[in-house]
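**Student:** okay, sequence plus prediction incoming.
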Amino acid sequence: MYKFVVFFLALVFTPAIASGDGLITRQSPYSAGETLDRLEAVLKKKGITIFARVSHTQGAAGVGIELGPTELLIFGNPKLGSHFFTSRQTAGIDLPQIGSGRGSNSPGKTGGHEDFGREQVTGNPDDTLKFRTPTLRNVALTAPYGHGGAYDTLRAVVEHHMDTVSSLYDYNYNRQAVLPTHPTLDAENYIAMDDPDRVDFIAEHNELYPYAYSEVDVDRILDFLNALTDTASIDLRSDQDVVNGVPSGLPLDD
Ligand code: HEM
C-alpha cells in the first residue's frame, strides 16, 4: 500500500545530499531531461501511471525568468495509494474473524459463519473481506477494535497493521477477544479462526503490505491516536450537542 503513492520528483542539478530521514537527493549522470525520460520509461514498464510532467523551466521562461533545468514528474498507482488519502473507504487488512458470522461462506464451507464485509452489501467478489476504514476520532475510547472486536487494545490493532498476515496467523482469541457470553452463540464465536482454510482465505484477501516498525513508532502512533480524543463529543446526548429544532419549525421526528 505504501510502495507508490504519489511521488513528486523535482530534478535539479545538485550534489548528492541525504537530507533529513526521508528525502534523498542523488546526482544523475544524465541531463535533467534524459534522467526524467529514463525514469518515465521504467515507471511505464512497471504499469505505474504517469499523471503529468511539468517543466518549471518553460513555465519560468513564459514569465521572463531564467531557470535551470527543473522538471516535475507526478506518478503513482491509484489502486494502492488511494487508500492513503481516504477515510470511510474499504480495504482488506486481514482482521481476525470472530463472532457467529454474517452468512458468508468461503469456498467449500457452509453454515454462514464468516463475514465478507463489503461483499455482503455489493455482491461483488472484488469486495470480499474489505471493511470500511473507520473514523479514528475518539478511537481511544471505543475498544474493542476491528469489525468483530478482535483486539481489546489500541496497541494490538495498530500492531496488527504492521504485518497483517503474520498477525492473523498469530492471533490468540483467548487473550484478545472480548465477547459477551450467550447460550446459543458461544459455540460459534471462533469457528472461522479454528478453521485453517478459512484463516487462509482471509489471508489471501489482504491488501496491506508489512512495514518494519519499532516500538517507538507504535508509541508515537498511539500518542497521535490518543490526541484524537474529543471529550466534548463523548456524550452526544448532552444538552449542548443535541439539536432541539430546525429553522422551518417542522417537528424533528419527521
Ligand atoms: C498509521 C496508520 C494507521 C492507523 C493509526 C490506523 C489505525 C486503525 C485503528 C485504530 C483501527 C481500528 C478502529 C476501530 O475498530 O474502531 C483501524 C482499522 C482499520 N484500518 Fe487502519 N490505521 C492505519 C492505516 C491503515 C491503512 C493504510 C489501511 C488500508 C490500506 C487501513 C485500513 C483499515 C481498515 C480496513 C480497518 C477496519 C478493519 C476491520 O474492521 O476489519 N488502516 N485502523
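**Tutor:** Everything's here; your move. Numbers count the residues shown, from 1 in each chain.
**Student:** CA atoms for contacts and neighbours, from now on please.
**Tutor:** OK.
**Student:** near the ligand, which residues of the stretch 151-254 of the chain?
**Tutor:** Within the stretch 151-254 of the chain, the positions near the ligand by C-alpha under 6 Å from any ligand atom are 154, 157-158, 208, 221.
**Student:** any idea how far residue 167 is from the residue lying closest to residue 145 once chain neighbours are set aside?
**Tutor:** Spatial nearest neighbour of residue 145, chain neighbours left out: residue 151 (5.2 Å); criterion: C-alpha to C-alpha, 6 or more residues apart in numbering. Separation of residue 151 from residue 167 (C-alpha to C-alpha, to the nearest Å) stands at 11 Å.
**Student:** give me the more crowded residue out of the two.
**Tutor:** The neighbour comparison of residue 151 against residue 167 (other C-alpha atoms under 10 Å) goes to residue 151, with 25 against 19.
**Student:** and the gap between the more buried one and residue 95?
**Tutor:** According to C-alpha to C-alpha, residue 151 stands 9 Å off from residue 95.
**Student:** quick one, strands of the chain?
**Tutor:** For the chain, strands defined by DSSP state E occupy the ranges 6-11, 17-19, 23-25, 49-55, 71-76, 90-91, 131-132.
**Student:** returning to that earlier point: who touches the residue nearest to residue 145 in this structure?
**Tutor:** By C-alpha atoms under 8 Å, 6 or more residues apart in numbering, the residues touching residue 151 are 143-145, 157, 176-178.
**Student:** could you list every residue that touches the residue lying farthest from the centre of the chain?
**Tutor:** Most distant from the centre of the chain: residue 64, at 44.3 Å, with distances by C-alpha atoms, centre = their mean. By C-alpha under 8 Å, 6+ apart, residue 64 lies in contact with nothing.
**Student:** CA atoms only: put stretch 129-138 into CSV for me.
**Tutor:** In CSV, the C-alpha atoms belonging to stretch 129-138 read as follows (Å, rounded to 0.1, in the frame of the first residue of the first chain):
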residue,chain,number,x,y,z
LEU,A,129,-13.3,-9.2,3.1
LYS,A,130,-13.0,-5.5,2.6
PHE,A,131,-14.1,-3.4,5.5
ARG,A,132,-14.6,0.3,5.9
THR,A,133,-11.7,2.2,7.2
PRO,A,134,-13.2,3.6,10.4
THR,A,135,-13.1,7.1,11.7
LEU,A,136,-10.3,7.5,14.3
ARG,A,137,-12.0,10.3,16.3
ASN,A,138,-12.3,9.1,19.9
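**Student:** ok, and for it, which residues are buried?
**Tutor:** Across stretch 129-138, burial judged by 16 or more other C-alpha atoms under 10 Å covers 129-131, 133, 138.
**Student:** which ones among those also lie next to the ligand?
**Tutor:** Okay, of those touching the ligand (C-alpha under 6 Å from any ligand atom), that's 131, 133.
**Student:** wait, residue 148 sits on residue 98?
**Tutor:** Yes. The pair residue 148 / residue 98 is scored as a contact, 5.7 Å apart, by C-alpha atoms under 8 Å.
**Student:** with neighbour numbers in mind, choose between those two.
**Tutor:** The neighbour count for residue 148 versus residue 98, taken as other C-alpha under 10 Å, is higher for residue 98 (25 against 18).
**Student:** the ligand versus that one, what's the distance?
**Tutor:** 11 Å (C-alpha to the nearest ligand atom, to the nearest Å).
**Student:** so who does residue 137 touch?
**Tutor:** Here residue 137 is in contact with 225, 228-230 (C-alpha under 8 Å, 6+ apart).
**Student:** with neighbour count and pLDDT added, can I get the residues you listed in a markdown table?
**Tutor:** Converted to a markdown table, the contacts of residue 137 look like this (neighbours: other C-alpha atoms under 10 Å; pLDDT from 0 to 100):
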| residue | neighbour count | pLDDT |
| --- | --- | --- |
| 225 | 17 | 94 |
| 228 | 14 | 91 |
| 229 | 16 | 91 |
| 230 | 13 | 85 |
